[in-house]
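Colleague: Need a 3D model of the following:
(one chain, ligands or ions: 2)
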Amino acid sequence: MSGSGERLVVAIDGPSGSGKSSTARGVAERLGLDYLDTGAMYRAATWLALHEQVDRTDRHRVSELVARARFGIDLDPRTATIAVDGVDVTTAIREPAVSAAVSSVATNLEVRHDLVARQQALIADSSRGIVVEGRDITTVVAPDAQVRVLLVADPAARVARRRAELGETVTADDVTDQVIRRDADDSTVAAFTEAAPGVTVVDSTHAGLDEVIGRICTLAEPYAPSAT
Ligand SMILES: Nc1ncnc2c1ncn2[C@@H]1O[C@H](COP(=O)(O)OP(=O)(O)OP(=O)(O)O)[C@@H](O)[C@H]1O
Ligand SMILES: Nc1ccn([C@H]2C[C@H](O)[C@@H](COP(=O)(O)O)O2)c(=O)n1
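Modeller: Ligands and ions are numbered 1, 2, ... in the order given. Modelled structure (predicted):
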């Protein structure tokens, strides 16, 4: 609860590899809040388009497919599973084929309209408060969130983190594609390269995960239940 009795919403945006998912999960666990990874929803929509072999350049067809889909989203930060029409896709959405294709679905404005509405409904239904991360959370999905953060890190640090995570399974070109090219495509439809007015910039380049989680929890302190 915030001081005014509203549920706490923490909104975190940022480029690929800045640490949004790890940080948002950590903040949610520490503050006892729900957690929503909106990137996982775009990935799940992409998994569906690939699974159904829909031509992704046919934007209307893709958006119709996604509109009919039932997303099962677990908001527990310790598990955070996601299912599409009853199929658990939590692991499958991290496959390189989905990472390579996801921007083509995330830049489909009809899909965005649909998923933003679903994200707003999930936020409205969260009774204990929620940490939400993505690319347009501070600006479009939850611009009224009490805590709004743009999490950034130098491109070299972001590429190195992704490379360490993926190991030998991908080439250096694949890693650069997953970070730099994806950001360039995604930033055509969402404003996550500059902080909007009222958004706090947190730079994780030289700050460890625990430190970044701590900084955001400090920003949330005035609104956290213990402060009421
Ligand atoms: N502050 C940090 N310092 C060092 N490494 C970090 C930090 N935060 C996250 N990481 C590591 O960086 C990698 C990318 O983190 P994460 O997946 O949370 O980023 P992201 O911004 O959600 O990326 P994407 O948008 O591409 O999904 C992970 O391996 C994670 O453990
Ligand atoms: N609110 C959001 C969340 C994500 N996206 C896009 C950007 C990425 O290419 C893709 C997957 O996100 P990730 O799992 O890497 O965080 O979805 C977006 O456009 N808006």
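Colleague: Count the residues that sit near the closest residue to ligand 1 within the chain.
Modeller: Residue of the chain nearest ligand 1, by Cβ to the nearest ligand atom: residue 19 (2.7 Å). Any C-beta I mention is one placed from the backbone N, CA and C, and that applies to glycine too. By the criterion of other Cβ atoms under 10 Å, residue 19 has 25 neighbours.
Colleague: Could you report the separation of residue 114 from residue 62?
Modeller: Residue 114 sits at a distance of 10 Å from residue 62 (criterion: Cβ to Cβ, to the nearest Å).
Colleague: and the two? which has more neighbours close in?
Modeller: Applying other Cβ under 10 Å to residue 114 and residue 62 shows that residue 62 carries more neighbours, namely 23 against 18.
Colleague: for the record, mean pLDDT for the helix or strand that one falls within?
Modeller: Assigned by DSSP states H and E, residue 62 belongs to helix 59-68. When pLDDT is averaged over helix 59-68, the result is 98.
Colleague: ok, residues contacting that helix?
Modeller: Outside helix 59-68, the residues within contact range by Cβ atoms under 8 Å, 6 or more residues apart in numbering are 45, 48-49, 52, 54-56, 105, 108-111, 114-115.
Colleague: and this structure, which of its residues are near ligand 2?
Modeller: Counting by Cβ under 6 Å from any ligand atom, the chain comes close to ligand 2 at 16, 38-39, 42-43, 102-103, 106, 134-136, 182, 186, 190.
Colleague: Against residue 39, how distant is residue 135?
Modeller: 8 Å.
Colleague: okay, these two: which has more neighbours?
Modeller: Just comparing residue 135 and residue 39: by other Cβ under 10 Å the higher neighbour count belongs to residue 135, 25 against 18.
Colleague: Give me the nearest residue to the more buried one, chain neighbours excluded.
Modeller: Counting by Cβ to Cβ, 6 or more residues apart in numbering, residue 190 is the residue found nearest to residue 135 once chain neighbours are left out, at 3.9 Å.
Colleague: which element is that neighbour on?
Modeller: Residue 190 is part of no helix or strand when elements are defined by DSSP H and E.
Colleague: What are the buried residues along the top helix by length along the chain?
Modeller: Counting by DSSP state H, the longest helix found in the chain is helix 109-125. If you call a residue buried by 16 or more other Cβ atoms under 10 Å, then helix 109-125 has these buried ones: 111-112, 114-116, 119, 122-123.
Colleague: Check stretch 157-173 too.
Modeller: Neighbour-count burial for stretch 157-173 flags 157-159, 161-163, 166, 170 (criterion: 16+ other Cβ under 10 Å).
Colleague: Which residues are in contact with residue 143?
Modeller: 11, 196.
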